[in-house]
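Peer 1: the following block contains a protein sequence and its predicted model.
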Amino acid sequence: MFDNKDRTNISELGEFGLIDYLTKAVEINQPSSIKGIGDDAAVLDFSNKQTLISTDLLLEGIHFDLRYVPLKHLGYKAVQVNLSDIYAMNGIASQITFSIGLSSKFPLEAVEEIYEGALIACKKFNVDLIGGDTSASAQGLVISVTSIGHVDKDKVVYRSGAKEGDLLCVSGDLGGAYVGLQLLEREKQIFLENPNIQPDLEGKDYIVERQLKPESRKDIVELFETYGIQPHAMIDVSDGLASEIIHICKASNVGCKLYEEKIPIDPMTYETAREFGLDPTVCALSGGEDYELLFTVPQEQYDKVKNQLDISIIGYITEENAGCEMVSKSGHVHSLKAQGWNAFEAEDQQNEE
């Protein structure tokens, strides 16, 4: 973390000086990046590929709380959540633009940390930073990321391709990011009441990291390519499992049967949820920010997915009139409801506070 004693006001550099300062270490590695930063627009060439583009906006006080989110982690996460949308289309991300709006409370050193985190993500996932913008903001910190990727025309996957009889699958485990957020919020409240008490996060590294430093699942897309798995439909789990399942079913005009006992939940997530008096299944269904991939595959591909350690088969697709249902561990059938995180509701709650 930067030292406030050595802070450099951004006004000393000006907008163009700030851009030059932040982008001096940017390297271009993708063959499709013909021209990156330094002109009026970037130039890309994907030859015969389908081009994928996605944009995310992150607002201070709505999407993140700087009282417990390190700036470097924030830059990293801002890139990761956007790359996840490209992977959810069965594509490979290759470029991003990174734009930032900030108030005068942020010195140059703070912006450096944000960009450092973003560039770490770019390097890890082999993505070029090819542009962006900086601006003053009257309402704190604003980050906008646009990711660009590509996919073969015959391999692009939409939400709308699920078919009756498909297996419903998900990567990784769910609920960890939400439970990690509850832990961070609890420690924040304790600190606000007594600043002399240090945060107690010992032994909870996994769920804290799931919230502060999520990892988008490029590896799953690469696994599909390696094993010849072609999903019919796919979406990333950003707003909770239930919400994403319903998105796929509505877009595909189908129903589904989800089995609670098949939902992958890490032991630390499960135990910590119980400590908070939360139902671990509800955390997985409605928590969000896990950035795993939810997808359907035809039953003929069962043998290809059944032995993949990081993929769980959690149900199957039914005909539309059957609706979206979950079979509980006790055998009872419940209708799935989309109760995931909503940015506009979060803003209303903040205004009420």
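Peer 2: Done, it's in. Numbering: from 1, shown residues only.

Peer 1: now do the helices in this structure.
Peer 2: In order along the chain, the chain carries the following helices (DSSP state H): 14-23, 71-87, 108-124, 176-193, 205-212, 218-227, 241-252, 267-275, 280-286, 302-305, 343-352.

Peer 1: from the contact counts, what lies against the shortest one?
Peer 2: Spelled out, it's helix 302-305. Counting contacts by 3 or more CB pairs under 8 Å, 6 or more residues apart in numbering; DSSP states H and E, helix 302-305 packs against strand 167-171, strand 311-319. Any C-beta I mention is one placed from the backbone N, CA and C, and that applies to glycine too.

Peer 1: rewinding a little: of the helices of the chain, give the one that comes closest to residue 131.
Peer 2: Of all these, it is helix 14-23 that lies closest to residue 131, at 9.1 Å by CB to CB.

Peer 1: show me the domain layout of this structure.
Peer 2: 4-151, 159-352 (automatic domain parsing).

Peer 1: and those domains, which one averages the lowest pLDDT?
Peer 2: When the domains of the chain are compared by mean pLDDT, domain 4-151 comes last with a mean of 86.

Peer 1: what residues of stretch 272-283 count as buried?
Peer 2: Of the residues in stretch 272-283, 272-273, 278, 280-281, 283 count as buried by neighbour count, 16 or more other CB atoms under 10 Å.

Peer 1: tell me how far the residue minimising distance to the centre of the chain lies from residue 265.
Peer 2: For the chain, residue 81 is the residue whose C-alpha lies nearest the centre (CA atoms, centre = their mean; 3.1 Å). With distances defined as CB to CB, to the nearest Å, the gap from residue 81 to residue 265 amounts to 21 Å.

Peer 1: now residue 66
Peer 2: Distance of residue 66 to residue 265, given as CB to CB: 29 Å.

Peer 1: the residue nearest to the centre of the chain: what's it in contact with?
Peer 2: Contact partners of residue 81, counting by CB atoms under 8 Å, 6 or more residues apart in numbering, are 56, 58, 145, 214, 216, 238, 289, 291.

Peer 1: mind putting the helices and strands packed on helix 302-305 into JSON lines with distance to residue 119?
Peer 2: Formatted as JSON lines, these follow (distance: least, CB to CB, whole Å):
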{"stretch": "strand 167-171", "distance to residue 119": "26"}
{"stretch": "strand 311-319", "distance to residue 119": "30"}
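
Peer 1: pick the most deeply packed of the helices of the chain.
Peer 2: Of all these, helix 71-87 carries the top mean neighbour count, a mean of 25, counting by mean count of other CB atoms under 10 Å.

Peer 1: who has more neighbours, residue 66 and residue 265?
Peer 2: More neighbours surround residue 265 than the other of residue 66 and residue 265, with 18 against 15 (other CB atoms under 10 Å).

Peer 1: show me what the closest residue to residue 323 other than its chain neighbours is bridged to.
Peer 2: Once flanking residues are discounted, residue 323 sits nearest to residue 255: 4.9 Å by CB to CB, 6 or more residues apart in numbering. Residue 255 has these beta-bridge partners by DSSP bridges: residue 318.
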